[in-house]
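**Q** below are the sequence and a predicted model; questions follow.
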Amino acid sequence: MAKRRVFYSFHYDNDVFRVQQIRNIGTLEDDKPVSTNEWEQIKRGGDAAIKRWIDDNLKYKSCLIVLIGLETSTSRWVKYEIEKAWNDGKAVFGIYIHNLKCPRTGICNKGVNPFDNFTIDNTGKLLSSIVKCYNPNSSNAYTDIANNLENWIEEAINNR
């Protein structure tokens with residue numbers, strides 16, 4: 001199977017170390033994360049620069065994967081990325097990452113489903129009713145994600 005190009009959406013400050021573990025699984029297209037210094041430079045350009053960076057980096061991706069930590073659902077940029085990806089017709093799904101160990105903070109509490117923040121068109125139906133969120137096995141979340149990530153991506157693409 002060809003490696004898929006995906007965009008990871010997450011709360012940078014809280015979850016960057018957990019996200020790095022998922023990026024290092026290696027089953028996906030070589031996806032280099034933005035460094036802290038690069039991100040700070042992008043942020044200095046203001047909202048327009050951040051939106052442009054997100055839009056440019058999401059453009060040729062087939063799927064948005066929201067990596068859900070404790071505060072992901074309240075991140076304005078995660079909300080922007082979800083809305084942008086969905087409106088652009090991209091596949092979207094979430095993975096709860098609270099059970100991945102961060103070297104600074106260990107595991108954390110499970111976050112709220114960020115797809116509960118969106119309704120589909122004017123139907124009133126929540127996006128969370130059709131977008132899946134996976135909650136990996138708490139005893140070995142990394143292995144569960146590594147073993148299932150490609151299948152979850154393909155399922156999201158096929159369902160979209």
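**A** Noted; the coordinates are in hand. Numbering: from 1, shown residues only.
**Q** next up, phi/psi of Ile82, please.
**A** With angles defined as degrees, to the nearest 10, Ile82 sits at phi -60, psi -50.
**Q** thinking it is in contact with Val66, fair?
**A** Yes: when contacts are counted by Cβ atoms under 8 Å, Ile82 is listed as touching Val66 (6.4 Å). Quick note: C-beta positions are derived from backbone N, CA and C, even for glycine.
**Q** among the helices and strands of the chain, which has the poorest mean pLDDT?
**A** When each helix and strand of the chain is scored by mean pLDDT, DSSP states H and E, helix 36-44 comes last, with a mean of 81.
**Q** buried set for the helix or strand just after it?
**A** Using DSSP states H and E, the helix or strand that directly follows helix 36-44 along the chain is helix 46-58. Applying a neighbour-count criterion of 16 or more other Cβ atoms under 10 Å, one finds Ile50, Trp53, Ile54, Leu58 buried in helix 46-58.
**Q** repeat for stretch 71-86
**A** Of all the residues in stretch 71-86, those buried under the rule 16+ other Cβ under 10 Å are 71-73, 75, 77-82, 84-86.
**Q** stretch 148-155 too?
**A** By neighbour count on 16+ other Cβ under 10 Å, the buried set for stretch 148-155 is Leu149, Trp152, Ile153.
**Q** do stretch 114-131 as well
**A** Buried residues in stretch 114-131, counted by 16+ other Cβ under 10 Å: Pro114, Phe115, Asn117, Phe118, Leu127, Ser128, Val131.
**Q** hmm, back to that, show me what the least confident helix or strand of the chain is in contact with.
**A** Residues outside helix 36-44 that contact it (Cβ atoms under 8 Å, 6 or more residues apart in numbering): Tyr12, Val16, Val34, Ala49, Ile50, Trp53.
**Q** how many other residues sit next to the second one?
**A** Neighbourhood size, Val16 [other Cβ atoms under 10 Å]: 17.
**Q** checking Asn109 next. Helix, strand or coil?
**A** With DSSP: H, G, I helix; E, B strand; the rest coil as the basis, Asn109 sits in coil.
**Q** same for the helix ranked longest in the chain, what does it pack against?
**A** When the chain is parsed with DSSP state H, its longest helix is helix 141-159. If you count contacts as 3 or more Cβ pairs under 8 Å, 6 or more residues apart in numbering; DSSP states H and E, helix 141-159 packs onto helix 12-23, strand 63-68, strand 91-96.
**Q** so of the ones you listed, which one's packed in deepest?
**A** For those, the largest average neighbour count (mean count of other Cβ atoms under 10 Å) is found in strand 63-68, namely a mean of 25.
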